[in-house]
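**Student:** give the three-dimensional model of this entry:
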Amino acid sequence: MPHPAPVNDLILLFALTFALYRVGDIWTFQVVLFPLWPMVRPEDFPAYQKKHFHSIFGVIFVPMGLSAAGAMLLWFFPPLGAPRWLLAAALALQAVLFLSLLYWVPLQLKIEREGNRPELMRELITVHWTRVANLTLYAAVVLWLAWIRLLG
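**Tutor:** Okay, here's the model as predicted:
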């Protein structure tokens with residue numbers, strides 16, 4: 001039995017809110033924060049990175065989980081007119097993002113141990129572009145779902 005449209009619309013709004021929040025945070029990291037890391041003195045960087053990595057839980061990891069929850073809720077409570085393939089794309093993008101943590105977290109821990117060496121910074125920024133692209137594409141998918149709903 002289909003779910004009432006107001007519930008579906010609230011879930012779409014929830015998913016859109018966290019998708020757009022994540023785009024803002026990921027782009028801020030990519031174009032503001034990471035390029036500044038080489039300015040931290042090498043002897044200070046391990047402590048800086050440890051504090052940074054362990055203090056972003058509330059502003060990065062909680063919204064990351066809520067964004068993934070939004071994608072799952074969209075699957076079970078789709079907006080009116082939403083094609084299943086677009087909902088599947090949203091889920092797939094979130095799954096890839098979480099799988100990327102298998103590489104991303106060890107890289108962050110390596111940087112925490114070894115410091116902001118230029119080759120690690122290049123690797124970090126290069127790898128992070130894949131995460132930027134993923135979250136930007138996910139937000140575009142959710143915006144597309146909102147557009148379909150508005151036209152519907």
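**Student:** could you report the neighbour count for residue 83?
**Tutor:** Look at residue 83: counted by other CB atoms under 10 Å, it has 12 neighbours. C-beta: built from backbone N, CA, C; applies to glycine.
**Student:** and the gap between it and residue 111?
**Tutor:** Separation of residue 83 from residue 111 (CB to CB, to the nearest Å): 41 Å.
**Student:** the helix or strand bottoming out on mean pLDDT in the chain: what's the following helix or strand?
**Tutor:** When the helices and strands of the chain are scored by mean pLDDT, DSSP states H and E, helix 45-55 comes last with a mean of 86. Next helix or strand after helix 45-55 toward the C-terminus (DSSP states H and E): helix 62-76.
**Student:** which residues sit against that next one?
**Tutor:** Helix 62-76 is touched from outside by 11-12, 14-19, 21-22, 25, 82, 87-88, 90-91, 93-94, 97-98, 138, 142, 145, with contacts defined as CB atoms under 8 Å, 6 or more residues apart in numbering.
**Student:** same thing but 6 Å
**Tutor:** With contact meaning CB atoms under 6 Å, 6 or more residues apart in numbering, helix 62-76 is reached by 11, 14, 15, 18, 19, 21, 22, 87, 90, 91, 94.
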